[in-house]
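Asker: Mind looking at a prediction? Sequence and model below.
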Amino acid sequence: EAGVAQSPRYKIIEKRQSVAFWCNPISGHATLYWYQQILGQGPKLLIQFQNNGVVDDSQLPKDRFSAERLKGVDSTLKIQPAKLEDSAVYLCASSPDTNQPQHFGDGTRLSIL
Amino acid sequence: AQSVTQPDIHITVSEGASLELRCNYSYGATPYLFWYVQSPGQGLQLLLKYFSGDTLVQGIKGFEAEFKRSQSSFNLRKPSVHWSDAAEYFCAVGPAAASKLTFGTGTRLQVTL
């Protein structure tokens, strides 16, 4: 079984630029999550999708962050404009449903200069 | 609000020695509890989970954890540590298997030979 795929693995941008991350969940997994993991901290949930609908985006900074999962499969997370404090690893996870544990991708490490 | 405390930021043990990583949680109802492991540059891998039933749960790689409701704890143990166990360990709590998990700040395990 292929795991959760994320790209790119690394991204370096300057502040105020925009950036996008892509996630392809495990086939058949209806639930998809984006987490932000700042160095020295545990992952923090940004947004949760159930198929192509948003279940929880209460911790997503909506003035600069956006995410979509248009066809209920892969997803993109965008930051525009980026701030220095957005430097983090962005993890994508998926699960078959909310009663099954999450499977994580390897993440995208974002550095803001 | 739910929260997780991992009191030990960094632990060093000798290979072959026993290990216990502490996790205390705060949650208003019966929690779903998890331990994940993260190796450098990789995503999180599920070690074990507790939903209900036997309070001693077995996981992968020889790990086990014990749920103690009276102490609000879910400590992770391994009888004999291997050098390959060096990684960051995260405890997490949530209202369901894959909904709005709250992670602790992690414990970095170093194994000396």
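Answerer: Yep, that arrived.

Asker: quick one: the strands in chain A?
Answerer: In chain A, the strands defined using DSSP state E lie at A:5-7, A:10-13, A:19-24, A:31-37, A:44-50, A:53-56, A:65-68, A:75-79, A:88-95, A:103-104, A:108-112.

Asker: Do any residues in the fourth one lie close to chain B?
Answerer: The reference is to strand A:31-37. Yes: with Cβ under 8 Å from any Cβ of the partner chain as the measure, strand A:31-37 is seen reaching chain B through A:Thr31, A:Tyr33. Using the backbone N, CA and C atoms, a C-beta is placed for each residue, glycine as well.

Asker: Neighbouring strands of that strand in the sheet, and parallel or not?
Answerer: strand A:44-50 (antiparallel), strand A:88-95 (antiparallel) (DSSP bridges).

Asker: Mind putting these into TSV with mean neighbour count, distance to B:Arg69 and mean pLDDT?
Answerer: Conversion of the strands paired with strand A:31-37 to TSV gives the following (neighbours: other Cβ atoms under 10 Å in any protein chain shown; distance: least, Cβ to Cβ, whole Å; pLDDT from 0 to 100):
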stretch	mean neighbour count	distance to B:Arg69	mean pLDDT
strand A:44-50	21	25	94
strand A:88-95	24	25	95
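
Asker: With distance to B:Gly59 added, can I get these in JSON lines?
Answerer: Output for the strands paired with strand A:31-37, formatted as JSON lines (distance: least, Cβ to Cβ, whole Å):
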{"stretch": "strand A:44-50", "distance to B:Gly59": "23"}
{"stretch": "strand A:88-95", "distance to B:Gly59": "17"}
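
Asker: Figure out which of these is closest to B:Ala65.
Answerer: For the strands paired with strand A:31-37, the distance to B:Ala65 is smallest for strand A:88-95, at 20.2 Å, taking Cβ to Cβ.

Asker: Please tell me how far the residue nearest the centre of chain A sits from A:Gln100.
Answerer: In chain A, the residue lying closest to the centroid (Cα atoms, centre = their mean) is A:Trp34, at 3.1 Å. For A:Trp34, the distance to A:Gln100 equals 18 Å [Cβ to Cβ, to the nearest Å].
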